[in-house]
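Chemist: here's my sequence, what's the structure:
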Amino acid sequence: MAGQFARGFWRLADPKISLASVASIALGTAAAAASGPISIGWWLLTILGVFAVEVAKNASGEVFDWDSGTDRRVTEQDRSPFSGGKRVLVDGLLTRAQTWGIAAGGYLLAVVAGFAIVGWREPGVFWLGFAGVGLAWFYHAPPLRLSYRGLGEAAVAVAYGPLICAGTYLVQRGSLPIEIVLLATPLGLLIAAFLWINEFPDHDADALSQKLTLVVRLGRPAAARGFVGLGIAAAGVLALLPVAGLPLTVWLGGVAAIRFVPAARLLRSAPEVTPAIIPAQAMSLQAFLLYAVGASVGILIGR
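Modeler: Numbers count the residues shown, from 1 in each chain. Modelled structure (predicted):
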């Protein structure tokens, strides 16, 4: 029983998806390190808060998606390592009560970490933390149900781009220049693209459950073009970052194109065939990680 619970918790922690948080924290840390020393203790507390929210969001989302039936409607041929939910309830790894318990514990831990930072380090983090917890909860939860209304993609772009990156920087430096928000914007767009491509295998199940993601709303062929558009938008913002005062070396973030471009080609060639999309999902994940690494190195060597 303990082993089953551990497997369920591990799925909710989901290292693959948590890499989005890792990327944003890493970028914010690099930007902060370029301007001064890093306080390791406050950095670790920031990480704890972010990952607690991550696990809590995944847990509460599992219950809401179970209730809507969307995860139960994903067919075997549309299963993917990157989509279809965490399936801890579908596969019987956790009970509903255990899943709610993990969600409650995660949100509580995040709030405690956040108030510690607000009280003893940086009061301005309060509003970023408030927004982060709100987006995490209402991503699935009523009355907003962002992911069910075609707003989940925007929520992910904001949360995993500017919000986490800016919060990480603010905790360290005590201020938040606009160029840090702009620096994180291409990352947010690329992480939103990762979510976007992960919605393709879930299209039919989501449509039956009235989970109206943008892929459902647009249809898969048009949504494949939208995926390309997110990559173009990210590249456009990256190209303009030196105008905002960031060093030219930030363009090293453009290394993301090495994986994003083939991902877009694969998706456009077979938007309705899950086995063909899975390699593109992996490439999309690699693309946002490459942006985080490239832009971080660019910031550090350019200052």
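
Chemist: make sure Arg268 is actually in contact with Gly229.
Modeler: No. Taking contacts as CB atoms under 8 Å, Arg268 lies outside contact range of Gly229: 11.7 Å. (Glycine included, C-beta is placed from N, CA and C.)

Chemist: ranges for the helices of the stretch 151-300 of the chain?
Modeler: Under the criterion DSSP state H, counting those that start in this stretch, helices of the stretch 151-300 of the chain are mapped to 152-158, 164-173, 178-198, 203-208, 214-218, 220-240, 257-269, 274-302.

Chemist: residues contacting Asn147?
Modeler: Asn isn't right for residue 147; it's Ser. Applying CB atoms under 8 Å, 6 or more residues apart in numbering, we find Ser147 in contact with 61, 139-140, 155, 211, 213.

Chemist: one step back: for Gln98, find the nearest of the helices of the stretch 151-300 of the chain.
Modeler: Ranking these by proximity to Gln98 (CB to CB) places helix 203-208 first, at 23.6 Å.

Chemist: other SSEs contacting that closest one?
Modeler: Other helices and strands packing on helix 203-208, by 3 or more CB pairs under 8 Å, 6 or more residues apart in numbering; DSSP states H and E, are helix 214-218.

Chemist: doesn't Ser284 make contact with Pro262?
Modeler: No. Using CB under 8 Å, Pro262 is not in contact with Ser284, being 9.9 Å away.

Chemist: these two: who's more crowded?
Modeler: Legend: neighbour count by other CB atoms under 10 Å for Pro262 and Ser284, higher for Ser284 (31 against 15).

Chemist: check the gap between the more buried one and Asp14 for me.
Modeler: Computed as CB to CB, to the nearest Å, the Ser284 to Asp14 distance reads 16 Å.

Chemist: where are the low-confidence patches of this protein?
Modeler: The model of the chain has pLDDT under 70 over residues 1-2, 16-17.

Chemist: Ile277: neighbour count?
Modeler: Residues lying near Ile277 (other CB under 10 Å) number 27.

Chemist: ok, it - contacts?
Modeler: Ile277 makes contact with 80, 197, 200-201, 266-267, 270-271, according to CB under 8 Å, 6+ apart.

Chemist: wait, which of those is closest to Pro242?
Modeler: Each of those was scored against Pro242 by CB to CB, and Ile197 proved nearest at 29.1 Å.

Chemist: nearest to Leu45, of the helices of the stretch 151-300 of the chain?
Modeler: Closest to Leu45 of the helices of the stretch 151-300 of the chain, according to CB to CB: helix 164-173, at 8.1 Å.

Chemist: now Ala13. Nearest residue, chain neighbours left out?
Modeler: Val55 (5.5 Å; CB to CB, 6 or more residues apart in numbering).
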